[in-house]
Each structure stands twice: as structure tokens, then as C-alpha cells.
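K.L.:
Sequence and predicted structure, then a few things I'm wondering about:
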Amino acid sequence: MKKRALVMAALMALTAMASTRVAQAQELLVVNIPFDFLAGNRKLPAGEYSIKVAGPERTLLLLDRQDAAASAFMNTNSVAKTEMQTESKMIFNRYGDRYFLSEVWTAGNSRGRRLLKSARENEMAQIASEPSQVTLVAGLPRTNR
């Protein structure tokens, strides 16, 4: 009887861990980006995008425009801050009228994702007279009920 109870407890624990991992893989944010931008080497138009971090090491970032007109899939690196983030956000590096996606953060985490700078962004950074950053707050997707 004890063996059966232990097996059941172990199965319940594994199920709980698996469902948590699936929920993390499905982590999804939505943000309205009011300007055209570059994500890696991909130029994307303004619009409402869903953002998902995926992959076994959670290093892949998927941007998908809600109307399916554009999407991008790119590798990222982990980045950390000392404090937990109070809101989900996307950070863009701005050089003149060009915007480059730089980082993605989710509320309640002190770790985010940073995109590698493309050759084009490195070039723009060298010639820009006044580089700046633009932060857009992201939200959870709307549910149809």
C-alpha cells in the first residue's frame, strides 16, 4: 500500500512539473508597436504582435503579427537585472528614425532576453548622433469569452 501511495505521489509531482514547463513554453505577451522596426536582420512593419519565448533553453524569441502579415524567429541571450520587473516590456534601440528590437522582459522576472546586434545596428550605432531607447509595455493576450 505504501509503495502504491509513493508511486501516485511521484506521478502527481511529475504531472505538476510537466504542466508548469508547458505553461512556461506557452508564455505569451501582446504589444502594439506603432513603428516599423528591425528584429535581427528582419524588417517588420508596425502592428500588434504576440511575443513568445520558446525552445529547450528558452533562447528562441518568436514575434508574430496578429494579422499574420509578418513574423520573425530569432536567437537571444539571457540578461539579468537586480530587481524584478514590474511590467512586461519590449525595449528598442533608436537611431534617428530606425528602431531595433533589443530586449524583452516579462513582469515578475529579473531575467529577460536580449537580441544580438545585427551588422546594420552596429553600423547605425557608430554614426548616430543621439541614440536613444524606446520602451513599449506589453500585456497579456485578450481572451474571447
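P.N.:
Noted; the coordinates are in hand. A quick note: this is a predicted structure, and the numbers were derived from the prediction, not measured.

K.L.:
where's the residue nearest in space to the middle of the chain, which helix or strand?
P.N.:
Note on the chain: the residue nearest the mean C-alpha position is residue 104, at 4.4 Å, using CA atoms, centre = their mean. Residue 104 is part of strand 98-105, with elements assigned from DSSP states H and E.

K.L.:
which strands and helices sit next to that strand?
P.N.:
Secondary-structure packing of strand 98-105 (3 or more CB pairs under 8 Å, 6 or more residues apart in numbering; DSSP states H and E): strand 37-39, strand 89-95, strand 111-115, helix 119-127. Glycine gets a C-beta too; all of them are placed from N, C-alpha and C.

K.L.:
Redo these as CSV? Include mean neighbour count and distance to residue 60.
P.N.:
Formatted as CSV, the helices and strands packed on strand 98-105 follow (neighbours: other CB atoms under 10 Å; distance: least, CB to CB, whole Å):
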stretch, mean neighbour count, distance to residue 60
strand 37-39, 22, 12
strand 89-95, 20, 16
strand 111-115, 19, 9
helix 119-127, 13, 19
